[in-house]
Every structure is written in structure tokens, then in C-alpha cells.
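Participant: Coordinates only, no sequence provided:
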């Protein structure tokens, strides 16, 4: 399975999503994460610690990809229309993370509009960095996207400091000593289960 994570906007947990989907998939079969973001955020995450899967940069992908059962691709932010077209054709599922705020949702709608113009339908929207209750940002974003007839993951990913701790330590969030880390990991496990269906 090839999963690509893409977004028109930074700060929506794109690399965090790529890292954690790869960690989930690794338990199902050998998984490779291809770092296609010029910032090399996933590669930096891997260098700071130890991830349970291999991370390579996009220039090494051709050499390593045939050896792996699952591939997750972390892309550059703000892909052009031609980039999106290539990404869609080259994967089984395009995951579009978005935070539940107006600017991120506007950027998401631009991406969806571009995907529709390409006739692409193998994408799903992931609502990330959802603030805790009593705030309803996550629920309101889900209602808006669902009412627009867009494909949205049933699960979402809450905002948790544990993710920053994981990035600093160079590990997935389930390896962080933090009370909320278990809940944060459970969020991505649910998304991983949806991906595998």
C-alpha cells in the first residue's frame, strides 16, 4: 500500500501524520517512509532518535521502495497542480490533514478543488490538532466537510504536547513518557485501521 500525505498549508501535522501512519503500518508489514519535503522534517525526526521503520529521502526512493510492503510519502507543503496529479496517480490513498481553523480549511478546500478538477477521488481528509472540549472546533469542521460531501476519516487527532516531545526525541508518540501520549497514539491507531479497510 502506498499512502501519500499532502497539504497546501504548513502546520497541519503533515509530517506527524506521515510518521505515525508509517509506525502503525510497520506492525502490519515492512514500511518505508519517503521524505519528499524540502525541509526534510521526517529525516530530522529520524536522526534525533529511533523510528521503527526506514526513512529515506525522495532521491533514494527508487533504490529502496521495491523491498517494502507499505510506503508512506511525506510531501512538500503547497504542491502545484502537476505535483498533485503525480501524487494522486502514484498512490493508493492521499491523506489530506487539516486543522479545524478557517485558514487551514480554506487551504484544504483549494486542494480539494484541484483534486476534483483532476478527477481524483482516492483521497480522505484527516482533522488534526483538535483542541480539547468544551471547544467544538473539530466537530464543527467535520460537520462542514461532511455536509459538503467530502470524504473524511471517522477518527481525528487531538492536539497534544506529546507529539512535540516525540519529534524532539525522534520517536513515535507511543514511545514518549507522557500521560497523554497513549491517547495521542490511539488516535493514529484508529486512523491506521481506517486506512487498512
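Facilitator: Arrived safely, thanks for sending. In this text the structure is predicted, and so the values were computed from the model without any measurement.
Participant: From here on, just use CA atoms for contacts and neighbour counts.
Facilitator: Noted.
Participant: Excluding chain neighbours, what is closest to residue 178?
Facilitator: Once flanking residues are discounted, residue 178 sits nearest to residue 162: 6.3 Å by C-alpha to C-alpha, 6 or more residues apart in numbering.
Participant: what's the burial count for residue 192?
Facilitator: 18 (other C-alpha atoms under 10 Å).
Participant: Same check on residue 109?
Facilitator: 15.
Participant: which of the residues in the worst-scoring helix or strand of the chain on mean pLDDT are buried?
Facilitator: Least confident helix or strand of the chain, by mean pLDDT, DSSP states H and E, is helix 81-89 with a mean of 89. Under the neighbour-count criterion of 16 or more other C-alpha atoms under 10 Å, helix 81-89 has 84, 85, 87, 88 buried.
Participant: what does stretch 3-20 give?
Facilitator: 3-10, 12-20.
Participant: before we move on, what about stretch 33-48?
Facilitator: Neighbour-count burial for stretch 33-48, with 16+ other C-alpha under 10 Å as criterion, is recorded at 33, 34, 35, 36, 37, 40, 41, 42, 43, 45, 46.
Participant: residue contacts, the first one?
Facilitator: What it means is residue 33. Residues near residue 33 by C-alpha atoms under 8 Å, 6 or more residues apart in numbering: 18, 19, 22, 53, 54, 55, 56, 71, 72, 73, 74.
Participant: Distance to residue 102 and pLDDT for those residues - can I get that in JSON lines?
Facilitator: Converted to JSON lines, the contacts of residue 33 look like this (distance: C-alpha to C-alpha, whole Å; pLDDT from 0 to 100):
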{"residue": "18", "distance to residue 102": "23", "pLDDT": "98"}
{"residue": "19", "distance to residue 102": "25", "pLDDT": "98"}
{"residue": "22", "distance to residue 102": "28", "pLDDT": "98"}
{"residue": "53", "distance to residue 102": "34", "pLDDT": "98"}
{"residue": "54", "distance to residue 102": "35", "pLDDT": "98"}
{"residue": "55", "distance to residue 102": "33", "pLDDT": "98"}
{"residue": "56", "distance to residue 102": "34", "pLDDT": "98"}
{"residue": "71", "distance to residue 102": "31", "pLDDT": "98"}
{"residue": "72", "distance to residue 102": "28", "pLDDT": "98"}
{"residue": "73", "distance to residue 102": "26", "pLDDT": "97"}
{"residue": "74", "distance to residue 102": "23", "pLDDT": "96"}
